[in-house]
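>>> Requesting a structural model of the entry that follows:
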Amino acid sequence: MATNQHFPEVSDVLPYPVYFRLSDYQAHQQFEYQTHPWGQLTYCSTGVMEIMVDGQRYLAPPQYAVWIPPETLHDGYIRQDVTFHSAYIDASLCPLLPAKPCALVLSPLLKAILADFAERKVTTPVSTADQRLAQVVIDQLQLAPCSRNYLPGSDDPITKALLDGLQADPGSNRSLADWAAQLHVTERTLARRCQRELGMSFGEWRQRQRFLAALPLLERGDTVQAIALELGYSTASAFIAMFRRQSGDTPDQFRRNLRCKQNSIEVTSSAV
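Reported below is the predicted structural model:
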């Protein structure tokens, strides 16, 4: 059962042009629609958050962030436990950043700064050193590759039918030619529609979908071999190679990092 609540609120004036927050949320929480006068960078270091921004659905897995410009209507839904990073950026700095909502590929440097601030519980950069790091965050965001979405959808009837079929069975290994025959188009036509509608190939979309499908299975404790077979891979090594391409970590590294974060949360909770 989803619970409705507001995103963490700050007064209408940020305490510093770049303000950072770190929150841990449990699965199945629904955040109400809202807008605010600053830009917001949303990044989940664990888990996946689903955000509706200006009527479009975005997914935020660990290697991507979602950029929400100022005064843009958005809400969120948490499908699984997440560690949720936010950077609120004053509107005066936002002309340097994308004018429309998008998914941003996070550089290792940007993720390291966000992780450092989170570990030290820095929200408002007070020291000169932290203010310099906050400026580096802005610099890195300007350089970050912008994507329409990590896992985009489509209103095109043929492409949508393909995506619905893939979502219904992430482990299916049906080829693009098989799908084309079912949808009564040529393989070449279907490949072009994927590239035009999704901004990526059929194979890349299916890999991203399988990566997202793997995250809750890893968190649940399923073995890598079992997950690989469930998601259509003939060997665990093929699944591991895909997972590393998508996240930069192996499945076991992802699981270790998740346990470390959960242990840290438990220690903090018990201390309180």
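
>>> got the domain boundaries for this protein?
Under the assignment automatic domain parsing, the domains of the chain span 3-147, 157-256.

>>> Please convert those to TSV, extending it with mean neighbour count and mean pLDDT.
Every C-beta, even on glycine, is put in place using the N, C-alpha and C of the backbone. As requested, the domains of the chain are exported to TSV (neighbours: other Cβ atoms under 10 Å; pLDDT from 0 to 100):
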stretch	mean neighbour count	mean pLDDT
domain 3-147	17	86
domain 157-256	16	93
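
>>> where does Tyr16 land in three-state SS?
Secondary structure assignment for Tyr16 (DSSP: H, G, I helix; E, B strand; the rest coil): coil.

>>> Look up how far Ile68 lies from the residue nearest to it when sequence neighbours are not counted.
Excluding the flanking residues, the one nearest Tyr16 by Cβ to Cβ, 6 or more residues apart in numbering is Thr124, at 4.7 Å. Distance from Thr124 to Ile68, counting by Cβ to Cβ, to the nearest Å: 20 Å.

>>> Also Arg79?
Counting by Cβ to Cβ - Arg79 and Ile68 are separated by 19 Å.

>>> Now do the same contact list for the residue nearest the centre of the chain.
By Cα atoms, centre = their mean, the chain has its centre lying nearest to Ala60, at 1.4 Å. Going by Cβ atoms under 8 Å, 6 or more residues apart in numbering, Ala60 touches Thr42, Tyr43, Cys44, Val48, Met49, Glu50, Ile51, Val66, Ala103, Tyr150.

>>> And for Gln26?
Neighbours of Gln26 in contact, by Cβ under 8 Å, 6+ apart: Ile78, Asp81.

>>> cool, and Gly39?
Trp67, Ile68, Pro69, Pro70, Tyr88, Ile89, Asp90, Ala91, Leu93, Cys94, Leu97.

>>> Nearest residue to the second one in space, please, no chain neighbours.
If you skip the residues right next to it in sequence, Ile68 has Gln40 as its closest partner in space, 4.4 Å away by Cβ to Cβ, 6+ apart.

>>> Is that neighbour located within a strand, as I assumed?
Yes - counting by three-state DSSP, Gln40 is located in a strand.

>>> Give the bridge partners for it, please.
Ile68, Tyr88 (DSSP bridges).

>>> these two touch, right, it and Asp90?
No - using Cβ atoms under 8 Å, Gln40 is not in contact with Asp90; the gap is 11.2 Å.

>>> Would you mind giving the secondary structure of Tyr58?
With three-state DSSP as the criterion, Tyr58 reads strand.

>>> Give the bridge partners for it, please.
Bridge pairing for Tyr58 - DSSP bridges - gives Ile51.

>>> surely it meets Lys100?
No - using Cβ under 8 Å, Tyr58 makes no contact with Lys100, being 11.7 Å away.

>>> Much appreciated, bye for now.
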